[in-house]
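Student: Just need the structure, nothing else, for what follows:
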Amino acid sequence: MLSYVVRRLLYSVVVLVAASFLVFTFVSVSGDPLAQLNIIPNVSEQSRQNVIDSKHLDDPIPVQYGYWVKDAVTNQFGTTLLGDRPILPDLWRVMKNTLQLVLVAELLAIAVDHLAVTNVLGGIGHGKLGIAQPPQRSGFLNLSHDVSHFSLRLIDPAVWRAG
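Tutor: This next block holds a predicted model:
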């Protein structure tokens with residue numbers, strides 16, 4: 001059992017790194033990082049070059065990703081492009097709302113799963129979709145299933161995609 005948990009955690013780390021690299025790459029190539037700087041009148045070429053150098057915008061994307069990971073781990077996710085304000089306070093501000101949405105969605109998923117498994121929904125879910133009906137559970141086993149289901153959703157991004 002321990003080897004299974006360790007293997008799942010290692011897979012989760014690999015998935016997390018791959019997903020973060022892909023998201024970083026797509027965000028990096030989707031727009032001009034200096035667009036905010038370009039709309040400010042009278043910005044000198046030296047100022048633009050200072051931003052490019054300090055944010056490593058001339059480096060290849062894998063190198064930029066390495067700097068981003070380093071900033072995320074050691075420097076509280078770095079600073080804004082203009083003004084050198086720390087990004088972490090902005091992240092905490094929006095994470096409150098994100099965590100509320102995740103919590104409500106998770107509770108709703110557990111409730112629907114519980115109702116589908118206990119056939120309160122008349123077979124919607126497992127039976128009607130051609131998925132084998134799991135054995136009926138009650139009491140502690142049901143609570144155990146819900147807690148493990150919740151834990152897997154928090155830990156494993158593959159479970160997030162699968163719903």
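
Student: Tell me how far residue 7 lies from residue 17.
Tutor: Residue 7 is 16 Å from residue 17, where distance means Cβ to Cβ, to the nearest Å. Using the backbone N, CA and C atoms, a C-beta is placed for each residue, glycine as well.

Student: And residue 10, by the same measure?
Tutor: 11 Å.

Student: Residues that sit against both of those two, list them.
Tutor: Where contact means Cβ atoms under 8 Å, 6 or more residues apart in numbering, no residue is in contact with each of residue 10 and residue 17.

Student: Kindly export stretch 35-50 (C-alpha atoms) in CSV.
Tutor: Output of stretch 35-50 as CSV, limited to C-alpha atoms (Å, rounded to 0.1, in the frame of the first residue of the first chain):
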residue,chain,number,x,y,z
ALA,A,35,2.2,45.4,-23.9
GLN,A,36,1.5,47.4,-20.7
LEU,A,37,4.9,49.1,-21.1
ASN,A,38,4.2,49.9,-24.8
ILE,A,39,1.1,52.0,-24.0
ILE,A,40,3.0,54.3,-21.7
PRO,A,41,4.2,57.4,-23.6
ASN,A,42,7.8,58.5,-23.5
VAL,A,43,9.3,55.1,-22.3
SER,A,44,12.9,55.0,-23.2
GLU,A,45,14.5,52.0,-25.0
GLN,A,46,16.8,51.7,-22.0
SER,A,47,13.8,51.2,-19.7
ARG,A,48,12.4,48.6,-22.0
GLN,A,49,15.7,46.8,-22.2
ASN,A,50,16.0,46.9,-18.3
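
Student: Check the offset of that stretch from the chain's centre.
Tutor: 32 Å (Cα atoms, centre = their mean, to the nearest Å).
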